[in-house]
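Q: only the shape, not the letters, is given here:
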């Protein structure tokens, strides 16, 4: 049974805000070919400020950004404190210039390492009748 793996960061958030800039390292730039054919991309990133023993041992949380939310297991939340501090965000791809993406809606902080980028595919990524509890509807989108 495999219990650990190796991760390679492919880039970095160099500017975070309403419009964020994601710089992909030169050795991975070829992987961006035709990404700009898509309006939206999924960005997986590393919660680098939560990469410590304390935050990685968290297994239960009360989602802070959702008023009235109950305590839940960390895997039933989008908390950045988790055994593997991986963030996921669907973003609008505003511009792609060489190895730099400008995206809208990225919730990563500046200097967050990028793990992977995938195109958003509505046929595969949208589940129209997905079941969710009521508490995530209170609070900002995550």
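A: All right, it came through fine. This is a predicted model, so every value here is computed, not measured.

Q: ok, the residue most central in space within the chain - contacts?
A: Nearest to the mean C-alpha position of the chain, counting by C-alpha atoms, centre = their mean, stands residue 88 at 2.1 Å. For residue 88, the contact set (C-beta atoms under 8 Å, 6 or more residues apart in numbering) comprises 42-45. In short, each C-beta sits where N, CA and C put it, glycine included.

Q: among the residues you listed, which one sits closest to residue 122?
A: residue 42 (11.9 Å; C-beta to C-beta).

Q: ok, now how distant is the closest one from residue 59?
A: 25 Å (C-beta to C-beta, to the nearest Å).

Q: picking that back up, which among the contacts of residue 88 end up buried?
A: Buried members of the contacts of residue 88, counted by 16 or more other C-beta atoms under 10 Å: 42-43, 45.

Q: out of those residues, which one sits closest to residue 24?
A: Closest to residue 24, out of all of these and judged by C-beta to C-beta, is residue 43, at 10.8 Å.

Q: helix or strand: which one has that closest one?
A: strand 40-46 (DSSP states H and E).

Q: what helices and strands are in contact with that strand?
A: strand 86-97, strand 100-104, strand 113-119 (3 or more C-beta pairs under 8 Å, 6 or more residues apart in numbering; DSSP states H and E).
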